[in-house]
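1. build me a model:
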Amino acid sequence: MKRIEIKQLLTKPYLEGQVHVAGWIRTARQSSNVGFIELNDGSQFGNLQIVYDKDLSNFDQINKLGLSAAIEVWGEVILTPQMKQPLEIRASEIRVMGDSAKDYPLQKKRHSLEYLRTQLTLRPRTNTFMAVFRVRSILSMAIHRFFQDRDYVYIQTPILTSADAEGAGEMFQVTSLDLNNLPLTESGNVDYSKELFGKKMGLTVSGQLSVEPFALTYSKVYTFGPTFRAENSNTVRHANEFWMIEPEISFCDLDGMMDIIEEMVKYLIDYVLEKAPQEMKFFNDRIDNSLLDRLEVVRSSQFARITYTEAIQLLKDSGRSFEYPPVWGQEIQTEHEKYLAGELFKQPVFVTDYPTDAKAFYMKLSPDGKTVRACDLLVPAIGEIVGGSQREDNYERLKAEMERRGMPIDDYQWYLDLRRYGSAVHSGFGLGFDRMIQYLTGIANIRDVQAYPRTPNNAEF
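-> Model prediction:
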């Protein structure tokens with residue numbers, strides 16, 4: 001008899017008769033005459049109840065199985081419409097595939113998220129993380145669906161790169177050289193010509209610079225992959241390795257790009273709510289009981305739009321005592337973002353036209369000469385989840401800005417040349433994949449939405 005997945009078994013129309021299932025024991029209750037097992041095979045969030053009794057030839061062995069033991073079950077489907085779940089399996093045979101030792105660290109009790117971070121390989125078996133990582137999978141598919149259905153071309157950009165996309169010097173250096181016997185130049189510096197690639201290399205902080213040339217071919221492109229920052233930022237929102245969705249769109253200005261961002265965010269929420277209803281109910285019931293209401297506000301609202309200058313004034317006029325007082329020219333802090341989106345507007349809000357020195361070198365200079373055509377999307381509870389800009393398409397202005405910042409022009413000449421060979425108005429943005437998962441699930445710490453988080457002093461496996 002072919003094994004059937006629990007998801008299929010618990011989906012209408014319900015099957016009847018004899019079935020074969022397999023999975024892991026999530027919970028178990030036993031007595032001298034009957035036992036109950038909650039079985040899960042990973043195909044869906046909910047469990048399947050297995051009932052067995054003394055007639056089972058290995059009744060005593062099954063009664064002694066530990067949590068997370070793997071078993072196969074043959075039995076009859078019993079419909080139970082009056083119970084919490086629609087059916088159960090009355091077992092006629094249970095085979096043990098792999099018992100679980102009694103020191104299994106996730107016994108049936110409530111474990112803190114901090115403790116579960118010490119059990120990275122086992123925590124997906126808990127309800128919280130089983131739900132988190134399924135939503136992560138579903139969200140990644142939603143991203144591809146959104147862009148593919150709109151005829152964007154998916155470009156795989158390199159992880160190893162010689163270009164610092166942000167110009168901030170926060171790249172992880174990668175080397176093939178022997179660190180105990182580094183080749184040196186006559187002046188005593190490291191001779192990077194002896195590197196495997198013949199130059200100094202690092203892990204990418206963004207795929208933007210690599211994907212941007214393709215936007216000037218296909219008009220609409222995106223890249224989706226891991227990015228890295230070498231900053232020592234030990235917060236609940238930052239990780240040293242994280243994933244980014246980075247579209248680039250030609251013939252599109254800042255206002256058009258914000259329209260795309262709003263459409264995308266609403267699409268992603270709709271998709272996850274449709275494809276993961278059990279998981280989203282769990283997050284609302286167990287993690288944040290305002291979650292579904294907040295997501296509904298996003299789905300039904302038109303995102304607000306204010307300038308950075310207006311945002312600073314609103315913060316000053318709020319009467320609030322912020323840890324970091326709002327000052328024009330300085331960054332909008334997380335506490336400011338949460339106030340604007342969560343308390344003042346109570347919905348997502350775009351903040352646009354940031355001071356030039358607060359943003360990256362490639363952003364379009366505004367007519368006032370002091371700000372750039374950039375935007376951040378702030379959402380309640382999280383703060384900023386999307387950052388983007390209209391790109392500077394004028395060769396001389398881009399070169400002047402790079403020189404002002406002291407950037408090595410020769411290393412970026414290829415990027416400048418894009419403005420010489422058919423330059424066009426174009427824009428792009430980056431959505432932090434992990435932060436979007438935080439927003440969708442109500443999970444506060446980025447370490448709890450990544451399978452193997454990479455944060456300061458934390459790089460297990």
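2. could I get the full set of helices for the stretch 351-461 of the chain?
-> Using DSSP state H, counting those that start in this stretch, the helices of the stretch 351-461 of the chain run over 395-404, 413-417, 433-441.
3. most packed of these?
-> helix 433-441 (a mean of 24; mean count of other CB atoms under 10 Å). The way it works is simple: take the backbone N, C-alpha and C, and place the C-beta from them, glycine included.
4. nearest to Q156 among the helices of the stretch 351-461 of the chain would be which one?
-> Closest approach to Q156 among the helices of the stretch 351-461 of the chain is made by helix 433-441 (15.5 Å; CB to CB).
5. returning to that earlier point: out of the helices of the stretch 351-461 of the chain, which is closest to E16?
-> Closest among the helices of the stretch 351-461 of the chain, once you apply CB to CB, is helix 433-441, at 35.9 Å.
6. give me the distance from that closest one to the chain's centre.
-> Here helix 433-441 is found 5 Å from its chain centre; the criterion is CA atoms, centre = their mean, to the nearest Å.
7. can you give me the helices for this protein?
-> 6-9, 59-63, 113-116, 127-148, 208-218, 254-275, 277-282, 291-300, 308-317, 334-338, 395-404, 413-417, 433-441 (DSSP state H).
8. R373 is nearest to which of the ones you listed?
-> Of these, the one closest to R373 (CB to CB) turns out to be helix 254-275, at 4.5 Å.
9. which residues are contacting that closest one?
-> 135, 138-139, 141-143, 145-146, 247, 249, 252, 280, 295, 298-299, 302-303, 305, 348, 350, 352, 364, 373-375, 377, 386, 388-390, 427-429, 431, 436, 440 (CB atoms under 8 Å, 6 or more residues apart in numbering).
10. N284 touches R294, doesn't it?
-> No. With contact defined as CB atoms under 8 Å, N284 does not count as touching R294 (9.7 Å).
11. list buried residues within the contacts of helix 254-275.
-> With neighbours counted by 16 or more other CB atoms under 10 Å, the contacts of helix 254-275 contain buried members at 135, 138-139, 142-143, 146, 247, 249, 252, 280, 295, 298, 303, 348, 350, 352, 364, 373-375, 377, 386, 388-390, 427-429, 431, 436, 440.
12. go through the chain and flag its longest strand.
-> Of all segments of type strand in the chain, defined using DSSP state E, the longest is strand 17-30.
13. can you give me the buried ones in it?
-> V19, V21, A22, G23, W24, I25, R26, A28, Q30.
14. partner residues bridging the first one?
-> Pointing back at V19 there. Beta-bridge partners recorded for V19 (DSSP bridges): G75.
15. was I right about it contacting I4?
-> Yes. Using CB under 8 Å, V19 is in contact with I4, at 5.4 Å.
16. picking up where we left off before, other SSEs contacting the longest strand of the chain?
-> Packing contacts for strand 17-30, counted by 3 or more CB pairs under 8 Å, 6 or more residues apart in numbering; DSSP states H and E, involve helix 6-9, strand 34-40, strand 48-53, strand 70-79, strand 87-98.
17. pLDDT weak spots in the chain?
-> 165-169 (pLDDT under 70).
18. what about N394, how many neighbours?
-> By the measure other CB atoms under 10 Å, the count of residues near N394 is 13.
19. contact partners for it?
-> Contacts of N394 (CB under 8 Å, 6+ apart): R419, S423.
20. against K364, how distant is it?
-> Using CB to CB, to the nearest Å, we find N394 at a distance of 8 Å from K364.
21. V372 too?
-> Distance from V372 to K364, by CB to CB: 6 Å.
22. now do the shared contacts for those two.
-> S389.
23. Q156: what's it in contact with?
-> T223, G225.
24. so for R117, which of the helices and strands packed on strand 17-30 sits nearest?
-> It is, among these and with distance given as CB to CB, strand 34-40, at 22.0 Å.
25. in its sheet, what does the closest one sit against?
-> strand 17-30 (antiparallel), strand 48-53 (antiparallel).
26. okay, these in JSON lines with distance to Q413 next?
-> Output for the strands paired with strand 34-40, formatted as JSON lines (distance: least, CB to CB, whole Å):
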{"stretch": "strand 17-30", "distance to Q413": "56"}
{"stretch": "strand 48-53", "distance to Q413": "62"}
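27. name the residues of stretch 321-336 that are buried.
-> Across stretch 321-336, burial judged by 16+ other CB under 10 Å covers P326, I332, Q333, T334, H336.
28. kindly indicate which of the residues you listed lies nearest H238.
-> Distances from H238 to the buried residues of stretch 321-336, taken by CB to CB, are shortest for T334, at 10.3 Å.
29. what's near enough to touch the residue nearest to the closest one when sequence neighbours are not counted?
-> Distances taken as CB to CB, 6 or more residues apart in numbering place G383 nearest to T334, at 4.9 Å, with adjacent residues excluded. The contact partners of G383, by CB under 8 Å, 6+ apart, come to R237, T334, E337, K338, A341.
30. surely the last one meets E335?
-> Spelled out, that is A341. No. A341 lies out of contact with E335 (CB under 8 Å); the separation is 11.5 Å.
31. isn't R373 up against K359?
-> No. Look at R373 against K359 with CB under 8 Å: they stay out of range, at 9.6 Å.
32. what do these two both touch?
-> Going by CB under 8 Å, 6+ apart, residues that sit against R373 and also against K359 are S389.
33. beta-bridge partners for the closest residue to C252 other than its chain neighbours, please?
-> Excluding its sequence neighbours, the residue lying closest to C252 (CB to CB, 6+ apart) is S427, at 4.8 Å. Beta-bridge pairing of S427 under DSSP bridges involves I249, Q390.
34. show me what contacts A142?
-> Y267, L268, Y271, V272, K275.
35. report the contact partners of M1.
-> Q18, V19, H20, W74.
36. if I look at it, how far off is S92?
-> 11 Å.
37. and the end-to-end length of stretch 50-70?
-> In stretch 50-70, first residue to last residue: 13 Å (CA to CA, to the nearest Å).
38. near E5, how many other residues are there?
-> 16.
39. whoops, I mixed them up, N63
-> 15.
40. again, but for T235
-> Applying other CB under 10 Å, I find that T235 has 11 neighbouring residues.
41. same deal with G207?
-> Neighbours of G207 (other CB under 10 Å): 26.
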